[in-house]
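Asks: Structure for this input, please:
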Amino acid sequence: MPKVQETVLEIDLKSLEHNYTYLRGKLQNSTKLLGVVKAFAYGSESIVISKKLENLGIDCFAVAYTKEGESIRQGGIEKPILVLHPQFHSFQTLIDNCLTPSLYSVRILTEFIEKAEALQLKKYPIHININTGLNRLGFNTEEIDQVISIIKNSSAIELVGMYSHLGASEDLAERDFTLQQIDCFKTISEKIISKFDQKITRHLCNTSGILNYPEATFDMVRTGIGLYGYGNSAEEDKNLIPIASLKTIISQIHHIKAEESVGYNKGFIAKKATTTATLPLGHADGISRIYGKQKTTVLINGKQAPIIGNICMDMLMVDITDVDCKEGDEVIIFGKNKSADEFAKKAGTISYELLTAISQRVKRIVIH
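Replies: Alright, predicted model coming up:
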């Protein structure tokens, strides 16, 4: 790739294909694979990513909100799209775009049925979310009989899927908790299956679940972060390739004397003569203030340069005293040779937050 001339997020579809193939290879041939493309496909580009995955043979997609599902459906995606967190106000849009709702409470279930019946729908497909311990969304165990009764009493909908979320599948120290979740889901789902005649797809595992609990893949698995190149462990990260690289350039170089300050609120005071570089991205681009004050580094000409002082809205400054570079040189914030996971962990956060925070004003470049 030629050197960049502005701040860009490069999206490598070959790396996406590699990750898809690796994760698919962990599954039995009969197990379906759902790609999670919420939050602009984890901060990248949801329509481009979805089209590539659809071409690769993915079985279906998931988004958080109806608007996200509408966007990729209008972008040409034909495979089923599961909306994980729909709200009442979006039901009409959801139905107009043939999206599948995940229903998670008695209130949202009955409201969707009322809407479906008002439109005289027949057997509109739904999934239900079962709470097995994450305690975020989902029907509790004591509600299951009521849920079964409500669904069976309406011909406007048809239960085609049910799932739950693992809360700590990446943390092997919490293996007992995860096994309890798996057992709970298995018990509840078998009870539900016994009450219906149609095929009901069960899915529980996320990326870490696929890698750590192959016995719990059921009929389908969901993968998000794994598709984008992160396996939630150093060992699995070796098998995956980050698809997104955030790059920028050096706008200006300054030579700072000892005791001089850099940036707002004198966020950095030079202890000795220091050379700094100003980069054209800041917290409005998704690099928040938590990364400032030497908590993490960027990569310039193969060398690490610490971020100094307070990150500004549109700029940040780095210490290049020991880096051979000039104005206009390329800077890598994260990518294949400097992972978003490494960048984020040094500031006390996670790759998910960093990736999904990258602003839409950052130019996306797709590498085919």
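
Asks: wait, what's in contact with Glu190?
Replies: By CB atoms under 8 Å, 6 or more residues apart in numbering, Glu190 lies in contact with nothing. In short, each C-beta sits where N, CA and C put it, glycine included.

Asks: Would you quantify the distance from the residue nearest to the spatial centre of the chain to Ser155?
Replies: Nearest to the mean C-alpha position of the chain, by CA atoms, centre = their mean, lies Tyr42 at 3.8 Å. Distance check for Tyr42 against Ser155: by CB to CB, to the nearest Å, it reads 38 Å.

Asks: Repeat that for Phe196.
Replies: For Phe196 relative to Ser155 (CB to CB), the value is 13 Å.

Asks: Can you get me the start-to-end distance on stretch 201-209?
Replies: 17 Å (CA to CA, to the nearest Å).

Asks: going forward can the numbers begin at 48, since that is how I track them
Replies: In the new numbering, first residue 48, that becomes stretch 248-256.

Asks: Might you calculate how far it sits from the centre of the chain?
Replies: Centroid displacement of stretch 248-256 relative to its chain, using CA atoms, centre = their mean, to the nearest Å, is 15 Å.

Asks: With stretch 358-370 instead?
Replies: With CA atoms, centre = their mean, you get 28 Å for stretch 358-370.

Asks: now stretch 72-86
Replies: The answer for stretch 72-86 is 14 Å, by CA atoms, centre = their mean.

Asks: What is the end-to-end distance of it?
Replies: End-to-end distance (CA to CA), stretch 72-86: 26 Å.

Asks: Give me the contact list for that stretch.
Replies: 67, 70-71, 89, 93, 96-97, 100, 105-112, 115, 119, 129, 131, 248, 250, 257-258, 261, 264-271, 274, 403.

Asks: which secondary element of this protein has the worst mean pLDDT?
Replies: Using mean pLDDT, DSSP states H and E, the weakest-scoring helix or strand in the chain turns out to be helix 281-284, at a mean of 90.

Asks: can I get the CA coordinates of the helix or strand following that helix in PDB?
Replies: Note on helix 281-284: by DSSP states H and E, the next helix or strand toward the C-terminus is strand 291-296. Output in PDB follows, covering the C-alpha atoms of strand 291-296 (Å, rounded to 0.1, in the frame of the first residue of the first chain):
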ATOM      1  CA  ALA A 291      -8.700  -2.500  10.300                       C
ATOM      2  CA  SER A 292      -5.600  -0.300  10.300                       C
ATOM      3  CA  LEU A 293      -5.800   3.300  11.600                       C
ATOM      4  CA  LYS A 294      -3.200   5.400  10.000                       C
ATOM      5  CA  THR A 295      -2.400   9.100   9.900                       C
ATOM      6  CA  ILE A 296       0.600  11.500   9.200                       C
END
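
Asks: which outside residues touch whichever helix or strand comes after strand 291-296?
Replies: Counting by DSSP H and E, the next helix or strand C-terminal to strand 291-296 is strand 299-303. Residues outside strand 299-303 that contact it (CB under 8 Å, 6+ apart): Val309, Ala317, Ala320, Thr321, Thr322, Thr323, Ala324, Thr325, Ile367, Cys372, Lys373, Glu374.

Asks: switch the cut-off to 10 Å
Replies: Residues outside strand 299-303 that contact it (CB atoms under 10 Å, 6 or more residues apart in numbering): 307, 309, 315-317, 319-327, 355, 362, 364, 366-368, 372-376.

Asks: thinking again about what came up before, where's the residue nearest to the centre of the chain, which helix or strand?
Replies: Going by DSSP H and E, Tyr89 is in helix 85-90.

Asks: and that helix, average pLDDT?
Replies: Across helix 85-90, the average pLDDT comes to 98.

Asks: so how far is Ile337 from Ile358?
Replies: 8 Å.

Asks: More neighbours: which of these two?
Replies: In terms of neighbours (other CB atoms under 10 Å), Ile358 is the more surrounded of Ile358 and Ile337; the figures are 26 against 16.

Asks: How many residues are close by Ile397?
Replies: The burial count for Ile397: 15, using other CB under 10 Å.

Asks: For it, which residues are in contact?
Replies: Ile272, Tyr277, Asn279, Ala387, Asp388, Ala391.

Asks: Mind doing that once more with 8 Å?
Replies: So Ile397 contacts Asp388, Ala391 (CB under 8 Å, 6+ apart).

Asks: Likewise for Ala394?
Replies: Ile337, Tyr338, Lys342, Thr343 are the contacts of Ala394 under CB under 8 Å, 6+ apart.

Asks: returning to what we had before: just the buried members of the contacts of stretch 72-86?
Replies: 67, 70-71, 89, 93, 96-97, 100, 105-112, 115, 119, 129, 131, 248, 250, 257-258, 264-271, 274, 403 (16 or more other CB atoms under 10 Å).

Asks: taking those residues one by one, which sit in strands?
Replies: Cys107, Phe108, Ala109, Val110, Leu129, Thr248, His250, Met267, Val268, Arg269, Thr270 (DSSP state E).

Asks: Hmm, Leu129 and the fourth one touching each other?
Replies: What that stands for is Val110. Yes. With contact defined as CB atoms under 8 Å, Val110 reaches Leu129; the gap is 7.5 Å.
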